[in-house]
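>>> 3D model of this:
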Amino acid sequence: MANSGENMALVATLALVLLVAVTHVESHVNLRLKTDPGLSEEERQFGDWALRHGRVYSGLEERQRRFRVWRENLDYVQRHQGKNSSYQLGLTRFADLTNEEFRRLYTGTRVDSGRVRRSSSSSGFRYKDVVAPESVDWREKGVVTKVKDQGSCGSCWAFSAVGSVEGINAIRTGEAISLSVQELVDCDQKYNQGCNGGLMDYAFDFIIENGGIDTEKDYPYTAYDGRCDVSKKNAKVVTIDGYEDVPENDEEALKKAVAGQPVSVAIEAGGRDFQLYTGGVFTGHCGTDLDHGVLAVGYGTEKDLDYWIVKNSWGEYWGENGYLRMQRNLKDSNAFGLCGINIEPSYAVKTSPNPPNPGPTPPSPSPPEVVSSLSQQ
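The predicted structure follows:
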């Protein structure tokens with residue numbers, strides 16, 4: 001019998017052939033959708049949308065099902081456009097997903113009902129006496145790294161926590177370093193569960209206990225759960241000294257914290273308006289079932305409407321180049337804030353310098369391969 005290496009090579013070759021074949025068929029179908037005179041205008045628009053977003057479906061039946069979902073979302077967008085709203089909806093990259101599919105694939109903050117909110121820092125809330133300016137945008141100060149894409153992996157909690165660490169590290173050192181989300185996905189398993197969700201405070205705990213975190217370049221993101229690479233886990237490029245929880249349900253406290261640094265926040269982001277958001281100040285309906293971790297990087301006001309600036313992890317082609325502006329200072333004095341943004345904010349604390357950069361780290365050796373008795377015959 002062929003050895004396992006030959007088998008893996010054969011499987012890889014067959015998979016590549018299948019991918020090329022499916023892509024060829026899909027490209028042909030897309031081209032037909034653009035040129036067939038018998039198609040409706042909506043079908044042509046769907047063909048253009050699918051090409052633009054690189055959608056590849058398993059067959060015509062699946063494609064038709066996705067077209068029906070896409071058309072329902074198109075109707076929803078058009079109904080919203082008839083309203084006098086402060087925010088816009090459109091056919092985002094998620095427009096061929098039902099809202100249930102979207103929530104399952106692209107959110108991921110876990111709720112720990114037994115957790116007592118706490119800070120690892122003895123100071124409690126260091127920004128309590130800050131006089132916050134009228135507006136802040138940390139992107140303009142060079143401390144926010146580029147928008148990333150979590151893919152269909154519920155790792156938003158890791159992107160949020162890493163964003164807070166990146167921000168305070170850049171403020172303290174003057175260098176914006178993109179850090180490894182994948183290290184948290186693979187290695188932070190005490191409570192967090194990789195692509196199945198997690199919490200930002202537990203991610204901070206992991207970084208503190210590990211003595212630091214590696215860079216994105218050295219331990220890149222894959223969008224799936226992997227084996228923890230111990231060698232890269234031990235590459236402690238950026239450290240933090242603790243974290244603090246912002247007083248819950250206190251919007252003024254959150255404003256003071258964001259004036260001091262980017263802050264991890266949890267929100268309810270599984271609604272259809274989030275799925276199809278393309279810009280403006282979001283004032284739509286959402287509850288407080290926290291299901292998504294994001295990063296508050298500033299705040300401001302537009303046409304007498306106060307807003308937060310929120311960095312998301314759904315790529316640069318969602319929202320305002322990957323960002324969301326959402327209403328703050330709700331008129332009904334909702335202490336939770338829009339979508340629950342005031343409930344669980346927290347931020348990393350850094351007072352100590354980073355250790356010397358260890359440079360690129362070779363991957364850990366793979367575990368020995370288990371060879372079955374059949375393969376030895």
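>>> drop to CA atoms for contacts and neighbour counts, all remaining ones
Fine.
>>> Can you name the residues in contact with the host helix or strand of A266?
Assessed by DSSP states H and E, A266 sits inside strand 263-267. By Cα atoms under 8 Å, 6 or more residues apart in numbering, the residues outside strand 263-267 that reach it are 109, 160-161, 163-164, 200, 257, 288-297, 339-348.
>>> pLDDT on that strand, on average?
Across strand 263-267, pLDDT averages out at 98.
>>> Report the next helix or strand after it in sequence order.
helix 272-275.
>>> Mind listing residues that contact that next one?
By Cα under 8 Å, 6+ apart, helix 272-275 touches 89, 92, 94-95, 99, 102, 284-285.
>>> Of the residues you listed, grab the buried ones for ChimeraX.
Applied in ChimeraX, the following selects the buried portion of the contacts of helix 272-275 according to 16 or more other Cα atoms under 10 Å:
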select :89,92,94,95,99,102,284
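>>> For the protein, give me the ranges with low pLDDT.
1-38, 110-123, 332-333, 365-377 (pLDDT under 70).
>>> buried stuff in stretch 162-181?
For stretch 162-181, the buried set under the neighbour-count rule, 16+ other Cα under 10 Å, comprises 162-171, 176-181.
>>> of those residues, closest to L51?
Comparing the buried residues of stretch 162-181 against L51 with Cα to Cα places V181 closest, at 29.4 Å.
>>> Contacts only, for that closest one.
158-159, 162, 216, 220-221.
>>> can you put the residues you listed in TSV and add secondary structure and distance to N321?
As requested, those are exported to TSV (DSSP: H, G, I helix; E, B strand; the rest coil; distance: Cα to Cα, whole Å):
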residue	secondary structure	distance to N321
A158	helix	20
F159	helix	16
V162	helix	19
E216	coil	21
P220	coil	22
Y221	coil	20
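>>> For N329, state which of those residues is nearest.
Set against N329, the nearest of these by Cα to Cα is F159 (25.9 Å).
>>> Next up, the contacts around that closest one.
Residues near F159 by Cα under 8 Å, 6+ apart: 150, 181, 293-294, 313.
>>> If you rank those by neighbours, which is first?
G293 (33 neighbours; other Cα atoms under 10 Å).
>>> hang on, it is in a helix, isn't it?
No. According to DSSP: H, G, I helix; E, B strand; the rest coil, G293 belongs to no helix; its state is strand.
>>> Just list whatever residues bridge to it.
Counting by DSSP bridges, G293 forms beta bridges with A266.
>>> OK, contacts around it?
By Cα under 8 Å, 6+ apart, the contact list for G293 reads 107-109, 156-160, 199-200, 264-267.
>>> measure it to I309 for me?
14 Å (Cα to Cα, to the nearest Å).
>>> residue ranges for the helices of this protein, please.
4-35, 41-52, 60-81, 99-106, 156-173, 181-187, 200-210, 230-233, 251-260, 272-275 (DSSP state H).
>>> I'd like these as JSON lines, with distance to P363 appended.
JSON lines is the format used below for the helices of the chain (distance: least, Cα to Cα, whole Å):
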{"stretch": "helix 4-35", "distance to P363": "20"}
{"stretch": "helix 41-52", "distance to P363": "36"}
{"stretch": "helix 60-81", "distance to P363": "39"}
{"stretch": "helix 99-106", "distance to P363": "29"}
{"stretch": "helix 156-173", "distance to P363": "21"}
{"stretch": "helix 181-187", "distance to P363": "12"}
{"stretch": "helix 200-210", "distance to P363": "18"}
{"stretch": "helix 230-233", "distance to P363": "6"}
{"stretch": "helix 251-260", "distance to P363": "37"}
{"stretch": "helix 272-275", "distance to P363": "37"}
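>>> who wins for proximity to V143 among those?
Among these, helix 156-173 sits nearest to V143 (Cα to Cα), with 5.1 Å.
>>> Can I get the closest one in CSV, CA atoms only?
Written as CSV, here are the backbone C-alpha positions of helix 156-173 (Å, rounded to 0.1, in the frame of the first residue of the first chain):
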residue,chain,number,x,y,z
CYS,A,156,-14.0,38.1,17.6
TRP,A,157,-13.1,38.1,21.3
ALA,A,158,-9.5,37.5,20.3
PHE,A,159,-9.4,40.3,17.8
SER,A,160,-11.0,42.7,20.3
ALA,A,161,-8.5,41.8,23.1
VAL,A,162,-5.5,41.9,20.7
GLY,A,163,-6.7,45.3,19.5
SER,A,164,-6.6,46.7,23.0
VAL,A,165,-3.1,45.3,23.6
GLU,A,166,-1.9,46.7,20.3
GLY,A,167,-3.3,50.1,21.2
ILE,A,168,-1.8,50.5,24.6
ASN,A,169,1.5,49.1,23.4
ALA,A,170,1.6,51.7,20.6
ILE,A,171,0.8,54.4,23.1
ARG,A,172,3.5,53.3,25.5
THR,A,173,6.2,52.5,22.9
